[in-house]
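>>> Take a look and give me a structure for this.
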Amino acid sequence: MCELFKPQAMEWFPEHIFSGEESIVLLILNQPLQKECEVFVKKIWKSALFHVAVDGGANVLKELFGEEITFIPELVCGDFDSATPEVLNFYRSQGVAVIETPDQDETDFTKALRLTEKYLKDLKLKASSVIAVARNGDRLDHILGNLNTLYSATDVISVPVLILGHNSLTWLLSIGHHKIHVSERMMDSHVGLIPLGSECKATTTGLKWNLNNDKMKFGGLISTCNMFDGSKVVTVTTDSPLVWTMEVTMDKN
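Residues are numbered from 1 along each chain as shown. As a prediction, this is how the structure comes out:
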């Protein structure tokens, strides 16, 4: 194990996201949600600290909840090439901050994180993480764009950003040592460690196929279709940012 990174471990509790035990920011990206994600949004809405709809995500929310006052976000933002004028006007009428971000050098997702950071500071809200709910499987460019935002997120927001898609939870492990706490119902999940940004050396414990200071790079060794070995804690030590993705089970009703 890389002693350089061993002393300080960042701890992750993915089960807390689904149980409502964390004060999360809920961020709805464009594209219709899969059924499991719809159920998650409905279940977690009240316990979320702050709610953001990103461009066409405003359409998704309006279609999902109609005009139910309980499900009104605090912020709607984006370049608004997808959100309809009717939906934007509805949220304005409800006192929602509707902010256009026309800059095309960043994705709406990245720009939304910038605005979210500002609102969290101005409102003195202490969030544990941002959970961005997205649709997986339709467009590879959207998926890669979202993953790219994970790499830039540490420069624009002070809390971790995770992407929840169809039965998957994905986030970026920064340089150093990490402990991922695994609940009983997650034990049969598949996991992956993907070095998208650059090559890295990684060491793990708690997986069926562990890494031992192995050199990983896209186009070379990557860890996909891995599994937990029954341990309650998985450790990952990496000398370069590394995408962690895991299969999650969500309620469908």
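>>> switch to C-alpha atoms for all contacts and neighbour counts from now on
Noted.
>>> burial count for the closest residue in space to Phe65 that isn't next to it in sequence?
Spatially, and ignoring its direct neighbours in sequence, Phe65 is nearest to Phe71 (6.6 Å; C-alpha to C-alpha, 6 or more residues apart in numbering). Applying other C-alpha atoms under 10 Å, we find 17 residues neighbouring Phe71.
>>> was I right about Phe71 contacting Ile44?
No - using C-alpha atoms under 8 Å as the test, Phe71 is too far from Ile44 to be in contact (10.9 Å).
>>> what sits against the residue nearest to Ala97 when sequence neighbours are not counted?
Counting by C-alpha to C-alpha, 6+ apart, Leu75 is the residue found nearest to Ala97 once chain neighbours are left out, at 4.9 Å. Residues in contact with Leu75 (C-alpha atoms under 8 Å, 6 or more residues apart in numbering) are 51-53, 96-99.
>>> repeat that with 7 Å
Leu75 is in contact with 51-53, 96-98, counting by C-alpha atoms under 7 Å, 6 or more residues apart in numbering.
>>> By neighbour count, which of the residues you listed wins?
With neighbours taken as other C-alpha under 10 Å, the top of the contacts of Leu75 is Ala53, carrying 29 neighbours.
>>> where are the low-confidence patches of the stretch 1-150 of the chain?
Low-confidence segments of the stretch 1-150 of the chain (pLDDT under 70): 1-7, 137-138.
>>> quick one: the helices in it?
Using DSSP state H, counting those that start in this stretch, the helices of the stretch 1-150 of the chain run over 14-19, 35-44, 57-65, 85-93, 108-122, 140-153.
>>> how much does the second one deviate in direction from helix 57-65?
Angle of helix 35-44 versus helix 57-65, following axes from the mean of the first three to the mean of the last three C-alpha atoms, to 10 degrees, is 80 degrees.
>>> Thank you, goodbye.
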